[in-house]
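**Student:** structure of the sequence below:
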Amino acid sequence: TIIRKGGQVFHKAPALQVEEVTSFDASFDRLSEHCGTDYLCMAARTSRILTWRFQDHPTRRYRTWVVRSGGTLTGYCVTCMTEINGIQSGMLVDLLVRKNAEGDAAARALVAHAARILQTEGAAILGSMMPAHAPGARALAAEGFWPCPRRFLPQPFPVILRWHGPEAPPPEILSLKNWY
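**Tutor:** Below is the predicted model of the structure:
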């Protein structure tokens, strides 16, 4: 979990165009497919799954932000506002970019934009859960986010895996560095 105190901006993000979208189209399927080659273990983020997870959620309002290059989706992030222990909190709940320089730039632009929007919406604190090795983690650090002390974590986050393959899972699957 990574948090940031509201109101602080640490670095200037790349000048990429970030726009809000209200639906998930086939470009999200292509991005998910391409990103799937960057990581040994990654949950599918197809348009169908993203629609179910974020757009059709019955109790939360999520907002989705994208960066495109030449009409191609290069990354997205999903945000929401929530209350944690009585504090208005802005959450960056999903961020997906390629694991390359273009992805790093898209992640920086998306994180900087999301932080500005969430602060405008009244967030006193911003948070995200991100593996330290992910491109998004570098973007979060560049924007002034820092690892949350364990005693302040809002809730435990166990990772549960059920393997459906005919053979035993590869040992690499048990290492967090192979997940995103």
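**Student:** which residues of the protein score low on pLDDT?
**Tutor:** For the chain, the stretches with pLDDT under 70 are 1-14, 152-157.
**Student:** strands of that one, residue ranges please.
**Tutor:** Using DSSP state E, the strands assigned to the chain run over residues 2-5, 18-21, 63-69, 72-84, 87-97, 125-128, 146-147.
**Student:** buried set for the longest one?
**Tutor:** Neighbour-count burial for strand 72-84, counted by 16 or more other Cβ atoms under 10 Å, picks out 73-81. Where C-beta positions appear, they are placed from N, C-alpha and C, glycine not excepted.
**Student:** go on, the third one?
**Tutor:** Under the neighbour-count criterion of 16+ other Cβ under 10 Å, strand 63-69 has 63-68 buried.
**Student:** show me which of the residues you listed is closest to Gly90.
**Tutor:** Checking these against Gly90 by Cβ to Cβ gives Arg63 as the nearest, at 10.3 Å.
**Student:** leaving out sequence neighbours, find the closest residue to the closest one.
**Tutor:** Of all residues not flanking Arg63 in the chain, Thr79 sits nearest, at 5.1 Å (Cβ to Cβ, 6 or more residues apart in numbering).
**Student:** residues contacting that neighbour?
**Tutor:** Shown in contact with Thr79 (Cβ atoms under 8 Å, 6 or more residues apart in numbering): 62-65, 90-93, 114, 117-118.
**Student:** tell me which of those residues is nearest to Pro171?
**Tutor:** Looking across those and measuring by Cβ to Cβ, the closest to Pro171 is Val93, at 29.8 Å.
**Student:** Leu40 versus that closest one, what's the distance?
**Tutor:** Distance, Val93 to Leu40, by Cβ to Cβ, to the nearest Å: 23 Å.
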